[in-house]
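1. okay, predicted coordinates and the sequence, questions at the end:
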Amino acid sequence: MMKPLSVLNQAVGKNVMVELKGRKEYRGVLDGYDPHMNVVLKNAEEYTDGQLRRRLNIVIVRGDNVIYISP
Amino acid sequence: MMKPLSVLNQAVGKNVMVELKGRKEYRGVLDGYDPHMNVVLKNAEEYTDGQLRRRLNIVIVRGDNVIYISP
Amino acid sequence: MMKPLSVLNQAVGKNVMVELKGRKEYRGVLDGYDPHMNVVLKNAEEYTDGQLRRRLNIVIVRGDNVIYISP
Amino acid sequence: MMKPLSVLNQAVGKNVMVELKGRKEYRGVLDGYDPHMNVVLKNAEEYTDGQLRRRLNIVIVRGDNVIYISP
Amino acid sequence: MMKPLSVLNQAVGKNVMVELKGRKEYRGVLDGYDPHMNVVLKNAEEYTDGQLRRRLNIVIVRGDNVIYISP
Amino acid sequence: MMKPLSVLNQAVGKNVMVELKGRKEYRGVLDGYDPHMNVVLKNAEEYTDGQLRRRLNIVIVRGDNVIYISP
Amino acid sequence: MMKPLSVLNQAVGKNVMVELKGRKEYRGVLDGYDPHMNVVLKNAEEYTDGQLRRRLNIVIVRGDNVIYISP
């Protein structure tokens, strides 16, 4: 069995997909996280309804809005 | 009597269905969970309005949006 | 006087009706609960707008979305 | 001065009106409560938009959705 | 400087206006409160969109939905 | 570096603008606050969609609905 | 690995972009923050749907509504 935070921990340094409420998605390299599922992404891309909307060198995404995180 | 988390615990390694707010559903093998009902699914499928939308090798689904989990 | 959780406790093993936000309803035998009003139902039926939508052998319904539980 | 929970406590055994979000209303005899304002009603009636929709012998209404309780 | 709860405390026994989410407003004599801003009003009037909808001898309004309270 | 609550503390006695969810805005003299960002305003004006709707001698605005506070 | 709050800490004194729910965005110099992701911005600009709406010398943005912060 793998606890959700252990899975996040193993994903540090790898590409992850973060899906948020409101049809937003962020893709980038996971650089950090905390127990609230706030995550830090590097070289991130923001998608709305599947359309690339922005590139962000570094971004802190608030865990509150997360639907899922997929390493 | 079975506590909700004990039922989750017995479902580790088995197929589960996770229904979220916003007509989203995830199916996969339960690989882990925590007391907030955050769950880890392996070989997961994401459905929106009953349509298969994505396959995810591993995914952490945030408990906050869960309506129900059915082993 | 009966505390809400005592009423739940007395209902274990009996049929209950669980009404959720979003016009969803679950009926089944109450198999367990916790202080967040997460409940475990056996032989459950899921209704949306009064229409039977699914049968679930066992289901953990998250307390967060509960409007009421009626034993 | 009367604390909100003291007013609830004095209302045990009496008829109360519980108004919820989503234009729902419950009327019945208050049989119990807890600090989250979860309440137990006996001989309850459920109203939606002022229309009687259901009679429930006993019902636990979750405090989360309460707008007001009037003894 | 006046802390929010001290202002509430000084308003006990006086007329207050309680504005809630969903264009609802309650006016009455403040009879009590707790740290969650749950309030007890006596001789209360309920307004929706500015229209008087109901008179309530005593009502416990849940703090969760409060936008503001004005003594 | 200035902590958010220190900025609030320095603003006591000065005019502030409080923007809430639902296109509501309050302007007045900050008379107090607490760690939840509940604030007390004196000589306050309430605006909806930029239109002055009400004047309030004293008002407790619940922090829960605050988007921003600008001294 | 970088914790989300450490990334915020390193961004103090630099320009940041704060995206909120409801298509609002704030840009300015990060002057402070707390563990709830409440942030203080100086020389801030408020955008709604990409349109500059207001300039604010100093503003406390409540963390509750934050989707992401990008230094």
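-> Cool, the structure landed.
2. can you name the residues that contact residue A:31?
-> If you count contacts by C-beta atoms under 8 Å, 6 or more residues apart in numbering or on different chains, residue A:31 has them with A:12, A:13, A:40, A:41, A:42, A:58, G:1, G:2, G:7. Placement of C-beta: from N, CA and C, glycine included.
3. one more time with 10 Å, if that's ok
-> Residues counted as contacts of residue A:31 (C-beta atoms under 10 Å, 6 or more residues apart in numbering or on different chains) are A:12-13, A:16, A:39-44, A:58-60, G:1-4, G:7.
4. filter the residues you listed down to the buried ones.
-> Buried residues within these, counting neighbours by 16 or more other C-beta atoms under 10 Å in any protein chain shown: A:12, A:16, A:39-42, A:44, A:58-60, G:2, G:4, G:7.
5. now intersect the residues you listed with the strands, please.
-> Among those, the ones falling in strands (DSSP state E) are A:16, A:39, A:40, A:41, A:42, A:44, A:58, A:59, A:60.
6. what's the neighbour count on the residue nearest to the first one when sequence neighbours are not counted?
-> Translated: residue A:16. Distance criterion C-beta to C-beta, 6 or more residues apart in numbering or on different chains; nearest residue to residue A:16, sequence neighbours excluded, is residue A:30 at 4.6 Å. By other C-beta atoms under 10 Å in any protein chain shown, the residues close to residue A:30 number 23.
7. next one: residue A:14
-> By the measure other C-beta under 10 Å, the count of residues near residue A:14 is 9.
8. separation between it and chain G?
-> 12 Å (C-beta to the nearest C-beta, to the nearest Å).
9. surely that residue meets residue A:27?
-> No - counting by C-beta atoms under 10 Å, no contact exists between residue A:14 and residue A:27, whose distance comes to 11.5 Å.
10. need the pLDDT of the residue nearest the centre of chain A.
-> Nearest to the geometric centre of chain A sits residue A:18, at 3.6 Å (C-alpha atoms, centre = their mean). On pLDDT, residue A:18 comes in at 98.
11. for stretch A:5-15, which outside residues touch it?
-> Stretch A:5-15 has contacts (C-beta under 10 Å, 6+ apart) with A:2-3, A:16, A:27-35, A:37, A:39-43, A:69-71, B:31-32, B:34, B:38, B:40, B:42, B:58-60, G:1-2.
12. nearest spatial neighbour of the residue nearest to the centre of chain A, skipping sequence neighbours?
-> residue A:26 (4.4 Å).
13. run me through the strand neighbours of whatever helix or strand the one you found lives in, direction for each.
-> Per DSSP states H and E: residue A:26 is located in strand A:24-33. The strands beside strand A:24-33 in its sheet (DSSP bridges) come out as strand A:15-20 (antiparallel), strand A:39-48 (antiparallel).
14. dump the residue contacts of the residue in chain A positioned nearest to chain E.
-> Nearest residue of chain A to chain E (C-beta to the nearest C-beta) works out as residue A:64 at 17.5 Å. By C-beta under 10 Å, 6+ apart, the contact set of residue A:64 is A:20-21, A:36-38, B:62, B:64, G:21, G:37, G:63-67.
15. ok, so of the residues you listed, who is nearest chain D?
-> Distance to chain D, by C-beta to the nearest C-beta, is smallest for residue B:64 among the contacts of residue A:64, at 14.0 Å.
16. put the buried members of the contacts of residue A:64 into a ChimeraX selection.
-> Selection of buried members from the contacts of residue A:64 for ChimeraX, criterion 16+ other C-beta under 10 Å:
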select /A:20,21,37,38 /B:62,64 /G:21,37,63,64,65,66,67
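17. the contacts of residue A:64 into JSON lines, with extra columns for secondary structure?
-> Formatted as JSON lines, the contacts of residue A:64 follow (DSSP: H, G, I helix; E, B strand; the rest coil):
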{"residue": "A:20", "secondary structure": "strand"}
{"residue": "A:21", "secondary structure": "coil"}
{"residue": "A:36", "secondary structure": "coil"}
{"residue": "A:37", "secondary structure": "coil"}
{"residue": "A:38", "secondary structure": "coil"}
{"residue": "B:62", "secondary structure": "coil"}
{"residue": "B:64", "secondary structure": "helix"}
{"residue": "G:21", "secondary structure": "coil"}
{"residue": "G:37", "secondary structure": "coil"}
{"residue": "G:63", "secondary structure": "helix"}
{"residue": "G:64", "secondary structure": "helix"}
{"residue": "G:65", "secondary structure": "helix"}
{"residue": "G:66", "secondary structure": "strand"}
{"residue": "G:67", "secondary structure": "strand"}
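18. quote the end-to-end distance of stretch A:53-70.
-> Distance between the two ends of stretch A:53-70: 20 Å, counting by C-alpha to C-alpha, to the nearest Å.
19. let me see the mean pLDDT of it.
-> In this model, stretch A:53-70 carries a mean pLDDT of 97.
20. which non-adjacent residue is nearest residue A:48?
-> Leaving aside its sequence neighbours, residue A:48 sits nearest to residue A:24 (C-beta to C-beta, 6+ apart; 5.6 Å).
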